[in-house]
Each structure stands twice: as C-alpha cells, then as structure tokens.
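J.: Sequence first, then the predicted structure, then my questions.
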Amino acid sequence: MIFDETHTEQIRMCAACPKMCRHVCPTFFAWRSDSPTPHGRALLIHQAIIGTREIDERGVEVLFQCLECSHCLTWCKPEIDIATIVEEQRKALVAEERRPKGLVEMAQAIRQFHNPYSEPHMSRNNWLPIKKKKGGKSLFYFIGCTAAYREQEIASSTVDLLESLGYRISIGNGSSDEWCCGSPLFRTGDVELGLEQARHNAQMLNEMNVDEIIVTCPGCFRALSKDYPEHGLILNKPVRHISQLLNDIKDNLPAIDFMGKITYHDPCHLGRHSKIYDEPRNVIKQVSNSNLNEMERTRDNAMCCGNGAGLRTLFPEHAKKIGMERVQQAKQSGASILVTACPFCKNMLQSQSGNDLIVLDLPELVLQAKRGRKVKTH
Amino acid sequence: MLDSKIMKKLYKRMVSIVGTDYVHQQETDRVLNAHDAWPLSEAKLRSGEMLPLADMVVFPSSREEVSAILIAANEMEIPITPVGGGAGTCGGTLPIYGGIQLDLKRMSKIYDIDDQSMTIRAQAGVVGIDLEETANRHGYTLGHTPTSLRASNLGGFIATRSGGSMSSLYGKIEDLTLGLEVVLPNGSIIECKSVPRHSVGPDLRQLFIGSEGTLGVITEATLRLFLLPEERRFRSFSFPDVHSGLEAIRNIFRVGIHPSIARLYDPEDAAMSFSMHFEFEEGYCILLLGFDGDLTHVDLDDGKSAEICMTLGGVDLGEGPSKRWWEHRYDMYYPTRLTTSGYAIGDTIDIVATYDKLENVYHSMKKAMEATGAIVMSHFSHMYQNGGSIYMIFFTSQPDAETAWAMYKKIWDEGVAACLKEGGTMSHQHGVGLSRSTYTEDELGSAFQVLKKVKEILDPKGIMNPGKLGLGVRE
Ligand SMILES: Cc1cc2nc3c(=O)[nH]c(=O)nc-3n(C[C@H](O)[C@H](O)[C@H](O)COP(=O)(O)OP(=O)(O)OC[C@H]3O[C@@H](n4cnc5c(N)ncnc54)[C@H](O)[C@@H]3O)c2cc1C
Ligand code: SF4
Ligand code: SF4
C-alpha cells in the first residue's frame, strides 16, 4: 500500500468529482481529453487501489504527463493535492521500473553527468567569472543545471548584480562542486537517485564557509528548502531565492522607465509550492516605477509554463502548446516585457514569445535597471 | 463491443479522417472519457464498478471531420455518442451500446464578437468559462451562468437545453442561441441562420436544442451577448413557509420585475445552506433575490420587490445570504467525505411547473420521495412570470451497492411519478440522458410520437446516442 488512509480517501473523493478544477489543468488544455486531468489521474489510481483495474501502459503515460503544477489545488475546495498524489504513485512506478523511457534516460544523464542535459560536469560552472572580493556578506550561489547550461545569461546577470550590490559570491567548483539539486528526480518519482545528488550537495554546502545560499531556480529552491529537510538533510545555513534577497534590499535598488509594460509570470515551484508571490512583484515595481501589469491568471491562479516535471522531455509539442498559451496571456495583458523568476520558465516562455515580447528573468531585469539600460522592445 | 474485423476497419477509417493522435482505443482512455457527472456513474466508479465503454474515442477538429465520421458510422451502423464537457448529470455521454464516443473538446475556437448585433460565435467544444471570459474582456456577459460553466461546453449546454442560475432575467440557452450549425447523421451540414426572430416555418433551431446528441452533432453556435451590468445587487428575506415565499416571487414577476436571481429555499434546505452563517427563525424559508442592471432600475426593482416581500410576511435579511450564495455557488458540487463515503448517493430532480401546480408538485414529490426513507431538501431555483423550477435534492446511504442503486432508482421513480401526476414536467435544465430516459414517453404523452418520427427520419439507422431521451432503446 503506497497511500495512507487520508490520501486513499482523497483519491476516492476526487475520483467522484464532477471535474470542478479541470478548466485550469494545463495538460487538459494541451490534450483536450479527459485522460490527462486531475480527476482522470485520481480515478486511475483509485481503480488500482480498490482493484477494479491496474494502471496499464497508457495509465503510466497519463500519470507522467502531470506537470505537478498544483494549479488544480487552487480550485479544489476539499484541498486535494493531485501533484503530491501523482508523485507518490510515480515513486511506485519507478520502483517497478515502469517510468517512461525518456525519464530513464534523464536519470541516467543525471547519474553520469549530474545534470539532465548530458553536458560535461567539468564545464558546469567554470565559464562563470567570479570576482575575488574581500568583505561584504558572503553568498553561495547554487546555480542549478538550467542556468548553468541553458540560460547562462541568468547566472552571469545574477553574479554581476549581486557583486555590484556588494556581496561576496562563491559558486561550486573543483572539489566543492555543485550537482543537480535532484528536483527533476524527486518530481518524477526517483527519490533514491535524487537523494544521491542531495547528499552530495548537502555535504558540500554544509562545509562551505558562507553566510547563506542563494538560488535563482525555484526547483532548486524547493529541493533545498523542502525535499532535503524532509529526507533528513538539514542545511546549516539559510537558503533564499533571489527574489527574497532582492525584496529585502529593494530600497537600495534603482528605478528606471522601461519602455513598454511589464508583466510577471509566477513559477509554480516559487508561487503555489513556496508561497512566494509578493517578493518578485515588489522588486519589479521598485525597479520599474510600479510598471507592473498583472495577467488575468496570476499568483495562485497562474498558468504553468509547461516546462515542469519532465513534460518537455516526454511531450515537447504539448509542453510548447502550454508555453505558447501562457505567452498569449502575457501579451493579452498589454505587456511587452514578461518577467519570471525561474530559468526553466524563462527557457520555455522565451522559446514561444515571438518578437513582440521580451522574456527576462528577475535578476536580468534588475541588472538592466542597475545599468540604467532600457530594454529594447519592438 | 465490435468484432475485431469491424474494429480494424473502423479504426483505419477514423484515422484517415482525424489522424492517429486523435483516435483513442486504449482502455485507459475509454475508461477516463466514458462518464459524465451522473451521480449514479460517480457512485459506481467509487465503488469499483466498470461503466459501459466505447470501442474508441474520436476527437475531430472541424465540422468536415465530424461529417466524415458520421458518414462512416452511418454506413457501418456504428453507435455515436457525442461528448461535450462530460459534466452532464444524466449519463448522456455513457456509450451504453459501445461504438464511437465523439468528443468535441478540440473544437474550441472562439470566432468573432459582433459588437453591432451583440453576438458571439464559437465552436461547440469551447468550455463555458472560456467563452464567458472572452465576452467579459469585451464588456459583455453571455448571461448563461450554470454552475457547470467551468466544466461544460457550448455544445453540451445547447444539447441539454441547459439553464443558468440567472435565467429569470437572461433566459435559458434556448433563448440565448441565435444561430446553430448541426451535422446530421448522414453527414450533411446544416445551418440555422443567426437571426433575432423569423417567420419561416417552425424554428428548426429548437429541434436540435435539447436533442442530446440523438438527432445530430452540434458543431457551432452564435449566442446573444448582454452588457456587463453596471450594478449587481443582492437581497434576502426569510418567510415563515414555502407558500408565502412563493407568493412573493409570483407577485414580483407579476408586476413586471425581472430579478436575475430568485431562489426560495424550503426549511430543510435553508437550515442546511444558511443556518451556519446567518440568523433566522428556525423552520423558516429563505428567499434570495438578485438584480442586474443600471443603478436606477436596480434601485426601483429592489425597492418594489422588498415592499412585496414585506407585505407578504418576509423578514429582510439584507444582502448577506444572497451574496454568500452567489460567491459560494460552486461549493456544493465538490465531493465531501459525507457524500462520497460508502454507498452514499444523492441527486437532484429539477422539475418545472406553472404556478397553479408548483406548490402541489413540491409537496407531492417531497412526500413521495421521503416515503422511501430518503433525506429530501429543496429550493425553487429558476423562477419566471408563469412558474418555475424546483431542485428536489435527495440523499440516501445504504449498506451495499445493490441496495443503494435500487433505492436510487426507487426515489427517482417515486419522485417523477408524483411530479407527472401533479402536472409538472420532469426536467427544467438537466435533460433526460439515461437517468430519465424511461420516463420520456410518459412525460411527453401523445407528443412523444412526433419526437420518435423525427428521429426515424433524421437517423433511420439509429446511430445517434441510442438509448437516451427515450429513443433507440435496444433490447
Ligand atoms: C457541478 C455541476 C453543476 C451543474 N449546474 C448546472 C446548471 O446550473 N444548469 C444546468 O442547466 N445544468 C447544470 N449541470 C448539468 C450539466 O452541466 C449541463 O447539463 C450541461 O449543459 C452539460 O454540458 P456538457 O458539455 O457537460 O455535456 P455532456 O455531459 O458532455 O453531454 C450532455 C449531453 O449532450 C450531448 N452532447 C454534448 N455535446 C454535444 C454536441 N456538440 N452535439 C450533440 N450532442 C451533444 C451528449 O451526448 C449528452 O447526451 C451541472 C452539472 C454539474 C456537474
Ligand atoms: S482535485 Fe479537487 S476539484 Fe479537482 S477533480 Fe479532484 S476533487 Fe475535484
Ligand atoms: S498538478 Fe497541474 S498538470 Fe497535474 S493534474 Fe493538477 S493542474 Fe493538471
């Protein structure tokens, strides 16, 4: 039995729900079928629990299509968290060696290279110049795989920004190297390999002589601040997301007039999963003279970007469809600059943005303000 | 279940029309797409029963694809069950004789808003809330506010003759649909032009509005739009009994006032729905009123309605209960521990009658349903100048599946029989589907033969949603 009594009861309730939250489920949006939906997933698991029918190959697919965005939870009065339930079921499927091939490959990549992109571990952070500084608060910047290999602009902007704000930055390198935080593995049910990464990182971070750890990736943030302690890996220094740090010092940040309106996309791991909604907004308002235009679906009702929990690995076209819709929502708000606070979200949203919407990560926007450089919009 | 040779042929044919990605044969897809929100289906799923499955689920993207699918199905005599949002409450989407479930969710384009004529045109598979939000962005509302707005589709709304909770003012979907496109079982695509009124024979739109997929597939519609109201005002009263509350409603409509909301909760439902949040006399009914419009008219209507209520013994409770109901109107549809435990099952019989009969229908149904041992609570939900509808809500919990499903049927049988005996009509907005299919002939009486003949002519091979609406029941 993988589910406790509370979860079993919740699954049974959800299996009998008249689809009250389906309208916000991004995978329902992408497939327009009742299979990849919150109720659909619960019904599959319920039928397996009570022995009506087992989860077959297609059932496995439906369960691994879930983005674990928890948007359904926002609309669920009995507060049933399908993302957690799906993650539990994924653990069992991984243990039975039934996860989709694409995710087996991703896990292999992380085992071998410590990143899901099969990029050489050596070149993870060695491209990023760090100033040797004395004095100032010391921060360890845990870069994360996506900013290290795919969105390097975010990593370099973060370092430049933090250094220009007077912080002393260090990053993982050499014997104190940073591995994948484990988030893609935790979210897709491979706790064992996730913990292998986590143990290394926890030891490395605990040995570091710094005041605190800063992350730009909400996936890393959730892993370090929630998954690690849940598995007994306690970090001996605080972990903050860059938006929290910038919010705390927002009065010291400069403001400029950005050409065009700005909107903000809440990353699921930062917003719904970590309840950080105001901090990035405060920062954007500060550096842009309050030029923030909300989308219709925002905060705990924000649509997922489509890049979560392995969906883009497994179903790239559907993931992009979701990203494209989120971009449309941003454009509908009248914005020409879309800011997010997640390398993963930025990566997806930028790929769909076309040339009438600039997509920036929060530290990039702040750095632009700091340099007094206006973002060119079309 | 079709034999494997026919299945193969059908599959190939469907794939040639919509492509492999949109023909689903796997059992998981057939299970997850089978059911709507019929409480009996939900209870059966909870208890571990399998429901009837289609042989395949097909997702077309255009009227032309729908047409090609129907031509093939007609040729091969394969049952077609249209699926909208799959949130109907009568089992209408259950493919009881197998065949194809034709799911319209991919057909979700919203076309132009015609500002001049105040209309909006969209494909049948667009989800209600998406259509309403689009209208809102342009300063309009559809005026169609069923509590399934987030789950049901435009096509489903029309196919079931659905009604929103503000139908007193805006009308039901049959009043809101101006134009309609339907694909007939032989594949021909017909259009009922979007016009405000006409005098060219019977209104053919109305033949398909409420046809529940038994006469053809609705692929597109043009709906009316209303300006978003400048003011939405809520007002509530308590009444010592159902009679005085109903009299108040009747007199409000009688003088030409059209509240957007007029709902009267009987003592049991009032206690259940409001006693936790508001103070009112035990055993009293609660009347909820709402007014949409410009400030001057709302002031006038609100004032005049209050006067009528007070004259008839109403106690003014302010905006509280009415506003709370509006803000929490979706809450009661979520599953709870109580309603999903063991073999618990509940449902709503949404009857309708004119004022001369309405109170008798209410008392008779309540008596008949309670005689089975069921818990019954009711509210008069959608009211008009000439009468209105009652939500007769029942709940029962039994020790095992067999007893529960038999009791469920008994409550329905007794309730509908009492309704018909007192001259009521068995559904105001939920439709017939499977749950009421066997009562259709009694309900329609001699007029049923017209429906049967229409069915025989339009769908001679009986492929369209067989077994629903009392039509095409097979032995
Ligand atoms: C929580 C909840 C609240 C509800 N509240 C209301 C309410 O306030 N008012 C109300 O009227 N109803 C309400 N209902 C009932 C239901 O949602 C409506 O009857 C709705 O119109 C059904 O639409 P659907 O798209 O879900 O249809 P489905 O359940 O998919 O289908 C309903 C029937 O229509 C047929 N059909 C669907 N689409 C087409 C098409 N394009 N062409 C031909 N036939 C088609 C199907 O075969 C089936 O017989 C509620 C249901 C739920 C679950
Ligand atoms: S998650 Fe909640 S609202 Fe969504 S289908 Fe399940 S029970 Fe219903
Ligand atoms: S977590 Fe997101 S993708 Fe998964 S069922 Fe809920 S809304 Fe859908």
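T.: Yep, that arrived. Residues are numbered from 1 along each chain as shown, chains lettered A, B, ... in the order given. Ligands and ions are numbered 1, 2, ... in the order given.
J.: who touches residue A:118 in this structure?
T.: Contact analysis of residue A:118 by CB atoms under 8 Å, 6 or more residues apart in numbering or on different chains lists A:109, A:112. (Each C-beta comes from the backbone N, C-alpha and C, glycine too.)
J.: Pretty sure it sits in a helix.
T.: No - per DSSP: H, G, I helix; E, B strand; the rest coil, residue A:118 lies outside any helix segment and is coil.
J.: so how far is ligand 1 from it?
T.: Residue A:118 is 45 Å from ligand 1, where distance means CB to the nearest ligand atom, to the nearest Å.
J.: Residue of chain B closest to chain A, please.
T.: residue B:37 (3.5 Å; CB to the nearest CB).
J.: The residue nearest to that residue when sequence neighbours are not counted: helix or strand, and which one exactly?
T.: Distances taken as CB to CB, 6 or more residues apart in numbering or on different chains put residue A:18 closest to residue B:37, at 3.5 Å, once the chain neighbours are dropped. For residue A:18, there is no enclosing helix or strand under DSSP states H and E.
J.: For residue B:358, the count of nearby residues, please.
T.: Residue B:358 has 26 neighbours, counted by other CB atoms under 10 Å in any protein chain shown.
J.: hang on, the earlier thing: wait, what's in contact with the residue nearest to residue B:37?
T.: Neighbouring residues of residue A:18 by CB under 8 Å, 6+ apart: B:37, B:42, B:87, B:89, B:148, B:151, B:333.
J.: Look up phi and psi at it.
T.: Backbone torsions of residue A:18, given as degrees, to the nearest 10, read phi -80, psi 40.
J.: Ok, residue B:232 next?
T.: Backbone geometry at residue B:232, expressed as degrees, to the nearest 10, gives phi -120, psi 110.
J.: And the pLDDT at it?
T.: The model reports residue B:232 with a pLDDT of 97.
J.: do the same with residue B:339
T.: As predicted, residue B:339 sits at a pLDDT of 88.
J.: tell me the strands in the stretch 251-378 of chain A, going along the chain?
T.: With strands called from DSSP state E, counting those that start in this stretch, the stretch 251-378 of chain A shows them at A:261-264, A:335-340, A:358-361.
J.: need those strands in JSON lines with distance to ligand 3, mean neighbour count and mean pLDDT, can you?
T.: Below are the strands of the stretch 251-378 of chain A laid out as JSON lines (distance: least, CB to the nearest ligand atom, whole Å; neighbours: other CB atoms under 10 Å in any protein chain shown; pLDDT from 0 to 100):
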{"stretch": "strand A:261-264", "distance to ligand 3": "20", "mean neighbour count": "23", "mean pLDDT": "97"}
{"stretch": "strand A:335-340", "distance to ligand 3": "17", "mean neighbour count": "25", "mean pLDDT": "97"}
{"stretch": "strand A:358-361", "distance to ligand 3": "22", "mean neighbour count": "24", "mean pLDDT": "96"}
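J.: of all those strands, which lies closest to residue A:3?
T.: Closest to residue A:3 of the strands of the stretch 251-378 of chain A is strand A:335-340 (CB to CB; 33.8 Å).
J.: wait, does the helix or strand of chain B with the lowest mean pLDDT contact chain A?
T.: In chain B, the helix or strand scored least confidently by mean pLDDT, DSSP states H and E is helix B:337-340, which has a mean of 89. Yes - judged by CB under 8 Å from any CB of the partner chain, helix B:337-340 comes into contact with chain A at B:337, B:340.
J.: helices and strands of chain A: which one bottoms out on pLDDT?
T.: One helix or strand of chain A scores below all others by mean pLDDT, DSSP H and E: helix A:311-314, with a mean of 84.
J.: in the strand or helix carrying residue B:349, what counts as buried?
T.: Applying DSSP H and E as the criterion places residue B:349 in strand B:343-354. Judged by neighbour count using 16 or more other CB atoms under 10 Å in any protein chain shown, the buried positions of strand B:343-354 are B:343, B:344, B:345, B:346, B:347, B:348, B:349, B:350, B:351, B:352, B:353.
J.: elements contacting it?
T.: Strand B:343-354 sits against helix B:39-46, helix B:355-370, strand B:387-398, helix B:401-421, with contacts defined as 3 or more CB pairs under 8 Å, 6 or more residues apart in numbering or on different chains; DSSP states H and E.
J.: Pipe these into a markdown table and attach distance to residue A:338 and mean pLDDT per row.
T.: A markdown table is the format used below for the helices and strands packed on strand B:343-354 (distance: least, CB to CB, whole Å; pLDDT from 0 to 100):
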| stretch | distance to residue A:338 | mean pLDDT |
| --- | --- | --- |
| helix B:39-46 | 40 | 96 |
| helix B:355-370 | 55 | 98 |
| strand B:387-398 | 45 | 97 |
| helix B:401-421 | 51 | 98 |
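J.: was I right about residue B:284 contacting residue B:242?
T.: No - using CB atoms under 8 Å, residue B:284 is not in contact with residue B:242; the gap is 10.2 Å.
J.: before we move on, back to that, list the buried residues in the least confident helix or strand of chain B.
T.: Quick answer for helix B:337-340 (16+ other CB under 10 Å): B:339, B:340.
J.: Can you read off the pLDDT for residue A:373?
T.: The model reports residue A:373 with a pLDDT of 62.
J.: do the same with residue B:36
T.: Note for residue B:36: predicted pLDDT of 96.
J.: isn't it right up against residue B:95?
T.: No - the pair residue B:36 / residue B:95 is not scored as a contact, 11.2 Å apart, by CB under 8 Å.
J.: Residue B:362: what's it in contact with?
T.: When contacts are counted by CB under 8 Å, 6+ apart, residue B:362 touches B:242, B:266, B:378, B:380, B:390, B:392.
J.: Where does the stretch 101-250 of chain B get nearest to ligand 1, which residue?
T.: residue B:156 (1.8 Å; CB to the nearest ligand atom).
J.: Please give me every residue in contact with that residue.
T.: B:84, B:85, B:86, B:87, B:88, B:162.
J.: Please name the nearest non-neighbouring residue to residue 224.
T.: Went with chain A since none was named. In this structure, residue A:224 finds its nearest non-sequential neighbour in residue A:239, 4.7 Å apart by CB to CB, 6+ apart.
J.: To clarify, I was referring to chain B.
T.: Sequence neighbours aside, residue B:176 is the residue nearest to residue B:224 in space, at 5.1 Å (criterion: CB to CB, 6+ apart).
J.: can you count the residues close to the residue nearest to residue A:224?
T.: Residue A:239, neighbours per other CB under 10 Å, totals 21.
J.: Who does it form a beta bridge with?
T.: Beta bridges link residue A:239 to residue A:213 when assigned by DSSP bridges.
J.: In contact with it, which residues?
T.: When contacts are counted by CB under 8 Å, 6+ apart, residue A:239 touches A:142, A:212, A:213, A:214, A:215, A:221, A:224, A:225.
J.: just the buried members of those?
T.: Using 16+ other CB under 10 Å as the burial test, the contacts of residue A:239 include A:142, A:213, A:214, A:215, A:221, A:224, A:225 as buried.
J.: wouldn't residue A:295 be in contact with residue A:327 here?
T.: No - Residue A:295 lies out of contact with residue A:327 (CB under 8 Å); the separation is 10.4 Å.
J.: What residues sit buried inside stretch B:252-265?
T.: Going by neighbour count (16+ other CB under 10 Å), the buried part of stretch B:252-265 is B:252, B:253, B:257, B:258, B:259, B:260, B:261, B:262, B:263, B:264, B:265.
J.: Looking at those, which are in helices?
T.: B:252, B:253 (DSSP state H).
J.: Relative to chain B, which residue of chain A is the closest?
T.: Nearest residue of chain A to chain B, counting by CB to the nearest CB: residue A:18, 3.5 Å away.
J.: how far away is residue B:430 from residue B:128?
T.: To residue B:128, residue B:430 is 15 Å away according to CB to CB, to the nearest Å.
J.: ok, now residue A:192?
T.: For residue A:192 relative to residue B:128 (CB to CB), the value is 45 Å.
J.: So for residue 141, what pLDDT did the model give?
T.: If you meant another chain, say so; for now it's chain A. Confidence at residue A:141, expressed as pLDDT, is 97.
J.: I was after chain B.
T.: Per-residue pLDDT puts residue B:141 at 98.
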